[in-house]
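S.K.: sequence isn't available, so here's the structure alone:
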């Protein structure tokens, strides 16, 4: 998986124009495809249509970089939308045919960047549907933003990819939760935090610690606003610890510290990322001695890895929704 | 006392993870452990599929300390993730002979220490990465100190053994009854690493997750089936082992029989261990057991002579190191099998496997019958052959369908075209290695991809009469030049029925 995520695509051919109609883009795509026939060893394969909504330049750079890398994992037709309703009504497009080499195979995929000005920018669904691949899921990624519940683009999405880090306060989280109850949402933050969750879970797998889940008296979660709130919500929802016993604090890296007091004594459970390392370290200390220790490596590049994980499972996640719901009740 | 649930595990179990426990590897200083098992365990730890309360205990005759074994573990995985160090630190080593009861007493005591240190539950998986000759000794030794039974409630003890499972039907049954004296069948996990290959499992997905193939998968539409397991390499320094095995034991009795049973089986009620394994056994039971006369006319055995392989002049099998210059061991087998059931009656199954063939490849080709009436002119359809559906298992895994299409132009010429799907272009991610998948399955307790006792028995029932016929020298040993698709007799075997071997 790591190798595939690290694969890089190279542009085979590209077409670009401004002030065009949608049919021009379709025609250009057809022409690019015809040219790709010369590459006899190449296959055009896709498992989904991947749409990224990136109004700002910085968002668009992020999205294009990541999605091209990701094509090595989830061959897809990529559509990057650059809406700007305040601009004059116009449509610009760039269509590129990419080749991606992995092991013995070369795969071609297409990327379409649409710059949409005027009122059409509020009806992106009408543009996207011309390019979605039939019979395949459509994942819509809102790059560093949270969609408005009335966005018509939501209707074409099989799943919506967001990052709850972009909705840090409880009001925004409640909005996200409402959306999640109507649509399939996948949270990149949730996937990025998987090593912390898995290691913490592992500390309670042992028979010597399993019973201590019910004896947790205090939880501390440090990190940036979104992740600390989400992990705090997860621990509250799963352990039943009251929100007033959960302390959230600001820190550069995410760490979790649980204290449990049982009949046999005290225990602490820590999962943290040491400063300057791409590692998460977990430790359970029971009655003053280390009972369990575990380590997990973090991916070199978190965004493609979390997107790859998110796209692997485009399904509603009840545990995430519960964590989100509990997170709205936490004091920061 | 039953352990309470771990509420933090909820939602994280979509991906299967090994429960807390210890993997005991017999033959821990050996080649299989170094090349396959340790890298597979390291990969499981990198993917966070092992519990933090997991350790390896190595057992072997080689004199090593705990630290020495830990060094060996690190050496086996030079570019491991940091999590591998955690596994290595927790691991231990027991030196001893497998016939010595003291070895197993020491193992029991080390296991107790490791589990106390880790707070592990008592789940134990014993992996026999040893020569088959000591399977029985190890199983008996484990039973002698009670390690064959769970140490605590809600824990499991499993025994994983590697092929070959016996040298013939009789020795396979002897091995089975020796193992069953100590372990129950549901504790025994027989590995054929072929079943851990993603593309072998894909035969099930292709057949039973799609409506378009299964209706054609029978005698009404199929003319015959060809299974090819070809290797371009020779014995590669393993002449000593190969002399005792040969192609029939090394490939046909296990790998080919597994691929055959997946190809022939009926749809299972569910894709679980019992559903799949029941149907695989039923399929093998439908294969006609060859008689001596049948073997004489329907099985070809051969040995490679010198020749050219991939541009290099290579020696004959008899000139290989550790091979008897007068060896009668077969490096190639071709055979026709017949299946006596409603679905397959009258559809011959042609099998060929060998070393020093032109390329390394495994495939199952389903050859369809010709259309009942070809309305086009003979000249226009000269290049048209009956349809074929080819499941490529390795390398370049995928599915290809051959069918007729009109050649562009004024004439109505119809020619073969190939619709070729490569899994590599549809899913670019790296699938887990076979050992990684199978080790995790064994530790999780999912026997679906392991071979059940009755399956081994049935496979031997098919192969055993061939071995006996060869022992009686009823079938002459043919020769073939290295780098070719086998002896002329293999071609004759099929051509007398009409079809020809594919050139994959």
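M.R.: Received the coordinates, thanks. None of these values were measured; they are calculated from a predicted model. Numbering: from 1, shown residues only, chains lettered A, B, ... in the order given.

S.K.: what's the domain layout of the chain?
M.R.: Went with chain A since none was named. The record's domain parsing of chain A by automatic domain parsing lists A:2-157, A:193-299.

S.K.: that's the wrong chain, I wanted chain B
M.R.: Split by automatic domain parsing, chain B gives B:7-162, B:196-372+B:424-431+B:458-495.

S.K.: so who does the residue nearest the centre of chain A touch?
M.R.: Centroid-nearest residue in chain A, with C-alpha atoms, centre = their mean: residue A:188, separated by 2.4 Å. Residues near residue A:188 by C-beta atoms under 8 Å, 6 or more residues apart in numbering or on different chains: A:161-163, A:165, A:303, A:306-307, A:310. To be clear about C-beta, it is placed using only N, CA and C from the backbone, and glycine gets the same treatment.

S.K.: let me know the closest of the residues you listed to residue B:130.
M.R.: Residue B:130 has its nearest neighbour among the contacts of residue A:188 in residue A:306, at 42.6 Å by C-beta to C-beta.

S.K.: ok, now how distant is the residue in the stretch 201-350 of chain B that chain A sits nearest to from residue B:197?
M.R.: Per C-beta to the nearest C-beta, residue B:210 is where the stretch 201-350 of chain B lies closest to chain A, at 14.0 Å. Separation of residue B:210 from residue B:197 (C-beta to C-beta, to the nearest Å): 20 Å.

S.K.: same thing with residue B:305?
M.R.: Applying C-beta to C-beta, the value for residue B:305 to residue B:197 is 31 Å.

S.K.: now residue A:29
M.R.: In terms of C-beta to C-beta, residue A:29 sits 37 Å off from residue B:197.

S.K.: likewise residue B:87?
M.R.: Residue B:87 is 25 Å from residue B:197, by C-beta to C-beta.

S.K.: give me the number of residues near residue 245?
M.R.: Picked chain A for this. 14 (other C-beta atoms under 10 Å in any protein chain shown).

S.K.: could you do chain B instead?
M.R.: Count around residue B:245 with other C-beta under 10 Å applied: 17.

S.K.: one more: the one 4 residues further on?
M.R.: Counted by other C-beta under 10 Å, the residues lying close to residue B:249 total 21.

S.K.: pretty sure it is touching residue B:165, no?
M.R.: No: in this structure residue B:249 lies outside contact range of residue B:165 using C-beta atoms under 8 Å: 10.3 Å.

S.K.: which SSE is residue B:353 in?
M.R.: Assigning secondary structure by DSSP states H and E places residue B:353 in strand B:349-354.

S.K.: helices or strands up against that strand?
M.R.: In this structure, strand B:349-354 packs against strand B:222-230, helix B:257-264, strand B:332-337, helix B:488-495, with contacts taken as 3 or more C-beta pairs under 8 Å, 6 or more residues apart in numbering or on different chains; DSSP states H and E.

S.K.: most packed of the ones you listed?
M.R.: strand B:332-337 (a mean of 25; mean count of other C-beta atoms under 10 Å in any protein chain shown).

S.K.: report the angle between it and strand B:349-354.
M.R.: 170 degrees (axes from the mean of the first three to the mean of the last three C-alpha atoms, to 10 degrees).

S.K.: contacting residues around strand B:332-337?
M.R.: With C-beta under 8 Å, 6+ apart, strand B:332-337 has contacts from B:247-248, B:251-252, B:260, B:287-288, B:290, B:298-304, B:348-355, B:357, B:462, B:466, B:478, B:480, B:486-487, B:489-490, B:493-494, B:497.

S.K.: 7 Å instead?
M.R.: Residues outside strand B:332-337 that contact it (C-beta atoms under 7 Å, 6 or more residues apart in numbering or on different chains) are B:247-248, B:252, B:287, B:298-304, B:348-354, B:480, B:486-487, B:490, B:493.

S.K.: how far is it from where the chain is centred?
M.R.: 18 Å (C-alpha atoms, centre = their mean, to the nearest Å).

S.K.: can you check stretch A:315-332 too?
M.R.: Using C-alpha atoms, centre = their mean, the offset of stretch A:315-332 from its chain centre is 16 Å.

S.K.: got the buried residues for it?
M.R.: A:317, A:319-330 (16 or more other C-beta atoms under 10 Å in any protein chain shown).

S.K.: measure that stretch end to end?
M.R.: 30 Å (C-alpha to C-alpha, to the nearest Å).

S.K.: name the residues that touch it?
M.R.: Residues contacting stretch A:315-332 (C-beta under 7 Å, 6+ apart): A:170, A:173-174, A:176-177, A:180, A:184, A:187, A:190, A:225, A:229-230, A:232-234, A:236-237, A:243, A:246, A:248, B:10-11.

S.K.: which strand or helix spans residue 139?
M.R.: Going with chain A. Following DSSP H and E, one finds residue A:139 within strand A:138-142.

S.K.: try again with chain B
M.R.: helix B:135-144.

S.K.: need the helices for the stretch 201-332 of chain A, in chain order.
M.R.: For the stretch 201-332 of chain A, the helices defined by DSSP state H, counting those that start in this stretch occupy A:207-210, A:225-239, A:302-312, A:318-327.

S.K.: quick one, which of these is packed in tightest?
M.R.: Mean neighbour counts for these (mean count of other C-beta under 10 Å) peak at helix A:225-239, with a mean of 24.

S.K.: contacts for that helix next, please.
M.R.: Residues contacting helix A:225-239 (C-beta under 7 Å, 6+ apart): A:164-165, A:168, A:189-190, A:193, A:196-197, A:213, A:216, A:219, A:221-222, A:241, A:243, A:246, A:248, A:254, A:256, A:322-324, A:326-327, A:330, A:332, B:7-8, B:10.

S.K.: which residues does the nearest residue to residue B:100 once chain neighbours are set aside contact?
M.R.: Excluding its sequence neighbours, the residue lying closest to residue B:100 (C-beta to C-beta, 6 or more residues apart in numbering or on different chains) is residue B:141, at 7.9 Å. Counting by C-beta under 7 Å, 6+ apart, residue B:141 touches B:98, B:101, B:103-104.

S.K.: what's the answer for residue B:207, then?
M.R.: With C-beta under 7 Å, 6+ apart, residue B:207 has these contacts: B:213-214, B:217.

S.K.: go ahead and build a PyMOL selection from the buried members of those residues.
M.R.: To isolate the buried ones among those in PyMOL, judged by 16+ other C-beta under 10 Å, type:
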select buried, chain B and resi 213+217
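
S.K.: which of the contacts of residue B:207 are close to chain A?
M.R.: Among the contacts of residue B:207, no residue sits close to chain A (C-beta under 7 Å from any C-beta of the partner chain).

S.K.: what is the nearest of the contacts of residue B:207 to residue B:151?
M.R.: For the contacts of residue B:207, the nearest to residue B:151 is residue B:214 (45.7 Å; C-beta to C-beta).

S.K.: so residue B:300, which state does it fall into?
M.R.: Under DSSP: H, G, I helix; E, B strand; the rest coil, residue B:300 falls in the strand class.

S.K.: so who does it touch?
M.R.: B:333-334, B:478, B:487, B:489-490, B:493.

S.K.: same question for residue A:92.
M.R.: A:18, A:115.

S.K.: one more time with 10 Å, if that's ok
M.R.: A:16-20, A:25, A:82, A:113-117 (C-beta atoms under 10 Å, 6 or more residues apart in numbering or on different chains).

S.K.: buried ones in whichever strand or helix holds it?
M.R.: Using DSSP H and E, residue A:92 maps to strand A:90-102. By 16+ other C-beta under 10 Å, the buried positions in strand A:90-102 come out as A:91-102.
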